[in-house]
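# Here is a sequence together with a model predicted from it:
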Amino acid sequence: VLTLDRRSFCAASGTVFVAGLSPIGVAALEQGDVSFVSAFRTRGGAFGVAVQGQDGHVISKTALPQRGHDVVVSPAPLSEHSAPIAVVFARRPGTVALAFEPTSGKQIGLFSTPEKRHFYGHGAFSLDGKLLFATENDYERGQGVVGVYDATNGFDRLGEFGSGGVGPHEILMLNDGCSLAIANGGIETHPDFGRAKLNLMTMQPNLSFVDVDSGTLANVVPMPKQSCKVSIRHMVQDTRGALWLAGQNEDAELRSMPLVWKWSENSGLSAVEVEERQTDAFGGYIGSIAYDRWRDVISVTSPKSHVRAEFSAQNPKAVRFVTQEKVCGVAASKYGFSYNSLGSFSQFADSTTITSESTSDLIWDNHLTAVMR
Amino acid sequence: MPFGTDVAVCGKRLRLLCLFFSVLIITAIASDNARSQTSLNSQPDSVLRVLEAFVRPGFDVLSRRANEMALAMDTVCSDEGRARGLEWAQASFRGMVVAWSRVEFLRIGPLARNNRLERMLFWPDRRGRGLRQVRRALASEDTTVLDIETLDRKSVAFQGLGALEYLLFGEIAKTDLLKPSSFRCRFATTVARGMALRADAISNDWNRADGFSRIWLNPGSENERFRTMNEAESALISIISNALSLMQDTRLRPLASSNAKAALFWRSSQSLASLSANIVGLRDQLRISGLYDRLTGEAAGLDATIEFEFANALRTIARMQSVGPQNRGSKDLDYITIVVTSLQDLIGNELAPALQLSAGFSPTDGD
């Protein structure tokens, strides 16, 4: 059982992989101005987080005590001389997160949720990099919360506020730096029943907004009734402020439902209309979403159907589908979209023009994060 | 109310029996139709075998057990058969649990429709929310639970095995059930009748020539659910793979908890019987599919390894059943968990690739 004292920033110890960079790794990183980070599993079943160079080659690996999910990178260093910080979160019902330097893989420390909470695998930094917000489950009450951690003080947990729904997943700091958007997927789970979904019949997903300064709920936008079986999980914000959300269909009868949604202040929340056949192409499951601000293009991936789809944020109806085995992790950089699928990395200048490719013996987790320098 | 006509045509006492025989006849005709129609096309053999020798007979048995249960409840509530009827009803309940547990992981097609799965078994019931509603209805003698139509519109927690188990095996159940004009008895009868009708409907749907069976048996580019033969056959593997994962999370975990009342069917002492039937169901489904016959080369011994693990799990459960709850150690459950994990690995990571099939994407694996 974790106590308040124990959760505050315990140093990582007893890890399996050697953290930090080899001389070859340093050379690989110096060659590029973008690197990538992703959680992984080894063929032997161990978990970790890796730094990948611009061409996708693995240049450092750090062990994790639980399966990791997403990595979030601080938008600002804590001081002029300090290195950027990244945090990888355990996926549900994991309770640990690891802070590390995304440019070197060097560990900063492990921290964990308090008793009766677990992470959902996602978090967001404040624009000044001083606070970290993480989606968590208050599982005895069956309610989502956002844990607030102090990045300037060993990720000590300062407190929490309600997420405005059940089963919060991705949390985003909006471009203005004042509000957090939270995708409350609507699905209740409890560690007593592992990862089993407990309320699929009555689930009510929503998109909520929280005022960062006060921690108060500013707005809750429910999914329309006919789409309440679409659990919204992941999202990006475009340069015009609109949010693009990707969901997963929990309908027991697998009736076709739109999985890509758009929210904007003026128009509210609505499904991105594509042909029904195209909606079916995702097999009811979108695993990841990314926004390429250089080209104003969005990419979504479905490891279940082995497809990825790209569309312009200005004209989302013109969707280009590309088949790619087990594709899931996607990140945007000025070089285009990069994808992780099973053990492979690939980068594309446009939807089909491959510019970089590499393979590893690792099995990549759902998300890929780009680190710009 | 989809069952209204059936209930109205049959007489009060005989209606379920009448319904039962009519279902058998319809079932037989439907099965013949399904067979003659589907044998014309090239179909996935494994799916056809599983449908004909596992799914349809399995849901037919469930329908029979559920109808027996309803008849037994009629007897319990009658003046003449009360005491003898209770024993019969409790035995029928146990039979229904086993029949259900054999097939419950076929959560596609007919069982996925209209929340039938949850209506048959609302589990896990976090914080006992469902049960609280049943208790409240019992305490207040809410007469809306005595009518199939109004019960059908209520929370699913009123409608399935969980509610029925509480009514038959809960505290003071026996005394309460045996009272003349017992409210509890009439409540349990309504639940049992509703379940019998639902089990009939599920069985009928599986037997229909134009139903989900046809979709599963006829993959193609126009088939929205199964575009290729490989997808149709892969569904067999993913059903088993998902079942093993759900079994771990929702059956083994609660069984291993320090709270003896956390397990499914603890009131009727059917936790282990249900688990055993779950495993037998998955083992039989795989055996019947004929997929083992396709293993060649390095994968040739895989069927023996999988069968060995199924047998290990079943033997351990049987030993736990024979020693009684007081003498059960946690080691046996730990061992079963290890075996179930091993089966997941063998089926998902060895059997599926050896057959060029995919264990699919486990809904409990994605995030």
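Perfect, thanks for sending it.
# and the one residue in the stretch 1-150 of chain A that gets nearest to chain B, what does it touch?
Nearest residue of the stretch 1-150 of chain A to chain B (Cβ to the nearest Cβ) works out as A:Arg91 at 5.1 Å. The way it works is simple: take the backbone N, C-alpha and C, and place the C-beta from them, glycine included. Applying Cβ atoms under 8 Å, 6 or more residues apart in numbering or on different chains to A:Arg91 gives the contacts A:66-69, A:119-121, A:365, B:367.
# Try it again at 6 Å.
A:67, A:69, A:121, B:367 (Cβ atoms under 6 Å, 6 or more residues apart in numbering or on different chains).
# residue contacts, the closest residue in space to the first one that isn't next to it in sequence?
Spatial nearest neighbour of A:Arg67, chain neighbours left out: A:Phe47 (4.8 Å); criterion: Cβ to Cβ, 6 or more residues apart in numbering or on different chains. Taking Cβ under 6 Å, 6+ apart as the contact definition, A:Phe47 lies against A:41, A:64, A:67.
# same thing but 7 Å
A:Phe47 makes contacts with A:41, A:64, A:66-68, as judged by Cβ atoms under 7 Å, 6 or more residues apart in numbering or on different chains.
# Now for those, which sits with the most neighbours around it?
The residue in these with the most neighbours, by other Cβ atoms under 10 Å in any protein chain shown, is A:Gly68 (30 neighbours).
# pretty sure that one contacts A:Ala86?
No. Using Cβ atoms under 7 Å, A:Gly68 is not in contact with A:Ala86; the gap is 11.2 Å.
# how far away is the residue of the stretch 51-200 of chain A found nearest chain B from A:Val319?
Nearest residue of the stretch 51-200 of chain A to chain B, counting by Cβ to the nearest Cβ: A:Gly194, 3.2 Å away. To A:Val319, A:Gly194 is 35 Å away according to Cβ to Cβ, to the nearest Å.
# looking at chain A, which helix or strand does the model trust least?
Taking mean pLDDT, DSSP states H and E as the measure, helix A:4-7 is the helix or strand of chain A with the lowest mean score, a mean of 27.
# Adding distance to B:Asn278, secondary structure and pLDDT as columns, could you present the contacts of A:Phe47 in CSV?
Below are the contacts of A:Phe47 laid out as CSV (distance: Cβ to Cβ, whole Å; DSSP: H, G, I helix; E, B strand; the rest coil; pLDDT from 0 to 100):
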residue, distance to B:Asn278, secondary structure, pLDDT
A:Arg41, 27, strand, 93
A:Leu64, 32, strand, 97
A:Gln66, 28, coil, 96
A:Arg67, 26, coil, 95
A:Gly68, 32, strand, 96
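# which one of those residues is nearest B:Leu121?
Nearest to B:Leu121 among the contacts of A:Phe47 is A:Arg67, at 29.5 Å by Cβ to Cβ.
# which ones are touching the most centrally placed residue in chain A?
In chain A, the C-alpha nearest the mean C-alpha coordinate belongs to A:Asp70, at 4.1 Å (Cα atoms, centre = their mean). By Cβ under 7 Å, 6+ apart, the contact list for A:Asp70 reads A:89, A:121-122, A:367.
# Among the residues you listed, which pair sits farthest apart?
Based on Cβ to Cβ, the longest span within those runs between A:Phe89 and A:His367 and measures 10.0 Å.
# Give me the common contacts of the two.
Residues touching both A:Phe89 and A:His367 (Cβ under 7 Å, 6+ apart) are A:69-70.
# For burial, what's the neighbour tally of residue 95?
Assuming you mean chain A. 21.
# meant chain B, my bad for not saying
Number of residues near B:Gly95 (other Cβ under 10 Å) recorded here: 19.
# Restricting to C-alpha, output the strand or helix carrying A:Phe321 in CSV.
If you go by DSSP states H and E, A:Phe321 is part of strand A:320-323. Below are the C-alpha coordinates for strand A:320-323, written out as CSV (Å, rounded to 0.1, in the frame of the first residue of the first chain):
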residue,chain,number,x,y,z
ARG,A,320,-6.5,8.7,-47.6
PHE,A,321,-6.4,5.2,-46.1
VAL,A,322,-3.1,3.3,-46.1
THR,A,323,-2.8,-0.4,-45.0
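# hang on, the earlier thing: in terms of pLDDT, where does the residue of the stretch 1-150 of chain A closest to chain B sit?
As predicted, A:Arg91 sits at a pLDDT of 96.
# Kindly provide the distance from B:Ser358 to B:Gly281.
Distance from B:Ser358 to B:Gly281, by Cβ to Cβ: 22 Å.
# more crowded one of the two?
B:Gly281 (23 against 19).
# Isn't the more buried one up against B:Val103?
Yes. B:Gly281 lies in contact with B:Val103 (Cβ under 7 Å); the separation is 6.1 Å.
# Up against chain B, what does the stretch 201-350 of chain A have?
Proximity of the stretch 201-350 of chain A to chain B (Cβ under 7 Å from any Cβ of the partner chain) is limited to residues A:201, A:248, A:252-253, A:280, A:285, A:287, A:303-304.
# same thing but at 8 Å, please
Residues of the stretch 201-350 of chain A found near chain B (Cβ under 8 Å from any Cβ of the partner chain) are A:201, A:233, A:248, A:252-254, A:256, A:280, A:283, A:285, A:287, A:303-304.
# now, which of those residues lie within helices?
Counting by DSSP state H, these place A:Asp280 in helices.
# A:Ala99: which of the residues of the stretch 201-350 of chain A next to chain B is nearest?
Among those, A:Arg233 lies closest to A:Ala99 (Cβ to Cβ), at 23.7 Å.
# Could you pull up the residues touching the nearest residue to the closest one once chain neighbours are set aside?
In space, and not counting its chain neighbours, A:Arg233 is closest to A:His169: 4.3 Å by Cβ to Cβ, 6+ apart. Residues near A:His169 by Cβ under 8 Å, 6+ apart: A:120-122, A:135, A:183-185, A:231-234, B:367.
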